[in-house]
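Chemist: pasting the sequence and the predicted model now:
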Protein chains: 2
Amino acid sequence: MLAAVLSVREATLHVLLWQRARAPHAHRWALPGGVLGAREDVRTSMLRQLSEKVDVREVAHLEQLAVFSAPDRRPGARRIATAFLGLVPSDADPRVPPDTRWCPVARLPETAFDHGEIVRGARERLQGKLSYTNVGFALAPPRFTISTLRVLYAAALGYDVDPTNLQRFLSRRGQLVATGGSAPPGPSGGRPASLYRFRSRRLEVTDEFVAFRPPR
Amino acid sequence: MLAAVLSVREATLHVLLWQRARAPHAHRWALPGGVLGAREDVRTSMLRQLSEKVDVREVAHLEQLAVFSAPDRRPGARRIATAFLGLVPSDADPRVPPDTRWCPVARLPETAFDHGEIVRGARERLQGKLSYTNVGFALAPPRFTISTLRVLYAAALGYDVDPTNLQRFLSRRGQLVATGGSAPPGPSGGRPASLYRFRSRRLEVTDEFVAFRPPR
DNA sequence: TCAAAAGTGTTCTAGCTACACCCATGG
DNA sequence: CCATGGGTGTAGCTAGAACACTTTTGA
């Protein structure tokens, strides 16, 4: 049971890691997690374990990634890990324990066991789903401007995104709702940006087919 | 450890199930599987367990689906299942034990535990991946005509597919290679169909982005 | 009035759908 | 020569990428 909890902080994709104090792999950085309880399913258990690190209400999305099971993936007693991808909106600022930090995914510190691989898997899953689902909601605050959203998408994808096209992409799919409000412009002026929200804050597949749409 | 092994048989998507002899859920139909060994990872273990039901060389693709972990998912001692999706080409005709059969996915017999849900998950995964990867190779014989391939895609997707567009879809992505050979026409005549093969018989993502392609 | 930032309009193009038409074979 | 099925050409449409242009604000 491990979770790669991703969030965009200061325009960069970060992951929540804690520094191990004890051997094995002392001082290396590890994903939060623990062991499955007798009366829990894996999702419930993951949420319980995360609640020790972050406020669970701030985890806007949680999904299974994969099982990591190589017999030698960690020294000592064998442990099989069900890995999860968690997403925390950029506005949430959860209190975390002193040994825990948000680390930039592009420049990870030395990670424990196979946790680096899990983080890379999580990032790839997120990148894919940004393009054919509404997962963006889980990176964004409840209300946001298109510029803000652009920064979040760019950080998660690792390349620049055109705000015009982002706006139209989401609008065409009915995912963007104008709230009516607007954000005040910055100190150097400029037109105030309208505030939007996602129509739904639960995962929806917006592009079921790349090709092979059923005939009319 | 459970596998939903799918294959197109007689123009219909089937799954490999075996009928339980003993309680619990006697006479119901279950997915093949077993328990993880001490020195195996889940993939190796799954292949080992499948080898008891089908010839493993015929499983052209095997990937993790999800972990099923509800505490009450089956009576008796708790068991957590890592579910896999397996694919067997339509030309392979593996010898299976007497209690084991290919069952049509659209009309499953009464299934044991949560195995029905797993089969539905497997079908959905396959349907999605047919559209943005080359998984088709794992449903098809080594050499095939476009008409044959059309039948396989239609069976897996559950709706009709235009052979013209299928041909171009795969050609555009460089997945189709003409072998030069051709298949003899049927008893009522007709132009002989050319034989093709997939360029690669390992999973490749052919459409990485639905939208948000990186700028040039 | 100018700079800055947001938002709209428009053109270009790739690629999917649909369908008409041509090709190769058996009877 | 016709029926049958395979294969090609092509028109139409959708929607993403790129970018010019307009709008709204602060100084």
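Modeler: Structure's in. What do you need? Numbering: from 1, shown residues only, chains lettered A, B, ... in the order given.
Chemist: please, where are all the strands along chain A?
Modeler: Along chain A, counting by DSSP state E, strands occupy A:2-9, A:12-19, A:29-30, A:61-68, A:81-87, A:100-104, A:176-183, A:193-198.
Chemist: same list, those strands, but as CSV with mean neighbour count and distance to DNA strand D please.
Modeler: C-betas here are computed from N, CA, C, even on glycine. CSV is the format used below for the strands of chain A (neighbours: other CB atoms under 10 Å in any protein chain shown; distance: least, CB to the nearest atom of the strand, whole Å):
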stretch, mean neighbour count, distance to DNA strand D
strand A:2-9, 24, 20
strand A:12-19, 21, 20
strand A:29-30, 20, 34
strand A:61-68, 20, 22
strand A:81-87, 25, 22
strand A:100-104, 18, 25
strand A:176-183, 13, 7
strand A:193-198, 19, 10
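Chemist: and those as JSON lines, adding distance to DNA strand C and mean pLDDT?
Modeler: JSON lines is the format used below for the strands of chain A (distance: least, CB to the nearest atom of the strand, whole Å; pLDDT from 0 to 100):
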{"stretch": "strand A:2-9", "distance to DNA strand C": "16", "mean pLDDT": "98"}
{"stretch": "strand A:12-19", "distance to DNA strand C": "19", "mean pLDDT": "97"}
{"stretch": "strand A:29-30", "distance to DNA strand C": "35", "mean pLDDT": "98"}
{"stretch": "strand A:61-68", "distance to DNA strand C": "25", "mean pLDDT": "98"}
{"stretch": "strand A:81-87", "distance to DNA strand C": "23", "mean pLDDT": "98"}
{"stretch": "strand A:100-104", "distance to DNA strand C": "24", "mean pLDDT": "97"}
{"stretch": "strand A:176-183", "distance to DNA strand C": "7", "mean pLDDT": "89"}
{"stretch": "strand A:193-198", "distance to DNA strand C": "3", "mean pLDDT": "95"}
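Chemist: which one of those lies nearest to B:R123?
Modeler: strand A:61-68 (17.9 Å; CB to CB).
Chemist: is chain B contacted by that closest one?
Modeler: Yes - interface with chain B: strand A:61-68 contributes A:Q64, A:A66, A:V67 (CB under 8 Å from any CB of the partner chain).
Chemist: residue contacts, the second one?
Modeler: In other words, A:A66. A:A66 is in contact with A:T82, A:A83, A:G121, B:Q64, counting by CB atoms under 8 Å, 6 or more residues apart in numbering or on different chains.
Chemist: and the first one, bridged to which residues?
Modeler: According to DSSP bridges, A:V67 are recorded as the beta-bridge partners of A:T82.
Chemist: surely it and B:Q64 touch.
Modeler: No - with contact defined as CB atoms under 8 Å, A:T82 does not reach B:Q64; the gap is 10.3 Å.
Chemist: between those two, which contacts overlap?
Modeler: In contact with both A:T82 and B:Q64: A:A66, A:V67, using CB under 8 Å, 6+ apart.
Chemist: in a markdown table: the residues of strand A:61-68 next to chain B, plus distance to A:G181.
Modeler: Output for those, formatted as a markdown table (distance: CB to CB, whole Å):
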| residue | distance to A:G181 |
| --- | --- |
| A:Q64 | 36 |
| A:A66 | 40 |
| A:V67 | 44 |
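Chemist: biggest separation within the contacts of A:A66, which pair?
Modeler: A:T82 and A:G121 (12.4 Å).
Chemist: ok, A:A4 - contacts?
Modeler: A:V15, A:L31, A:L65, A:A83, A:F84, A:L85, A:G86, A:I118, A:V119, A:G121, A:A122.
Chemist: what about the last one, neighbour count?
Modeler: Burial of A:A122, expressed as a neighbour count using other CB atoms under 10 Å in any protein chain shown, amounts to 27.
Chemist: wait, A:V88 touches A:A60, no?
Modeler: Yes - here A:V88 reaches A:A60: they are 6.6 Å apart, a contact under CB under 8 Å.
Chemist: between the two, which is the more surrounded one?
Modeler: A:V88 (25 against 20).
Chemist: please name the nearest non-neighbouring residue to the more buried one.
Modeler: A:S7 (4.0 Å; CB to CB, 6 or more residues apart in numbering or on different chains).
Chemist: my guess is the one you found meets A:L87, correct?
Modeler: Yes - counting by CB under 8 Å, A:S7 touches A:L87, with 6.9 Å between them.
Chemist: now do the shared contacts for the two.
Modeler: A:L139.
Chemist: not counting its neighbours along the chain, what's nearest A:V54?
Modeler: A:P94 (4.0 Å).
Chemist: residues touching that neighbour, list them.
Modeler: Here A:P94 is in contact with A:K53, A:V54, A:D55, A:E58, A:V88 (criterion: CB under 8 Å, 6+ apart).
Chemist: which of the residues you listed are buried?
Modeler: Buried subset of those (neighbour count, 16 or more other CB atoms under 10 Å in any protein chain shown): A:K53, A:V54, A:E58, A:V88.
Chemist: who's in contact with the second one?
Modeler: When contacts are counted by CB under 8 Å, 6+ apart, A:V54 is found next to A:V5, A:L16, A:V88, A:P94, A:R95, A:V96.
Chemist: tell me the pLDDT of it.
Modeler: Per-residue pLDDT puts A:V54 at 91.
Chemist: tell me the spacing between it and A:A66.
Modeler: Distance, A:V54 to A:A66, by CB to CB, to the nearest Å: 22 Å.
Chemist: repeat that for the first one.
Modeler: Going from A:K53 to A:A66 by CB to CB gives 21 Å.
Chemist: the most centrally placed residue in chain A pairs with what?
Modeler: Chain A has A:L87 as the residue nearest its centroid, 2.9 Å off, counting by CA atoms, centre = their mean. Residues in a beta bridge with A:L87, per DSSP bridges, are A:L6, A:H61.
Chemist: I'd guessed it sits against A:L126; true?
Modeler: Yes - between A:L87 and A:L126 there is a contact under CB under 8 Å: 7.2 Å.
Chemist: for those two, list the residues in contact with both.
Modeler: A:L6, A:V135.
Chemist: hey, where'd the helices end up in chain A?
Modeler: A:42-50, A:115-132, A:146-157, A:163-172 (DSSP state H).
Chemist: ok, now which ones touch the residue found closest to A:L85 once you drop the neighbours it is linked to in the chain?
Modeler: Excluding the flanking residues, the one nearest A:L85 by CB to CB, 6+ apart is A:A122, at 4.5 Å. Contacts for A:A122 (CB under 8 Å, 6+ apart) come out as A:A4, A:L6, A:V15, A:L65, A:A83, A:L85.
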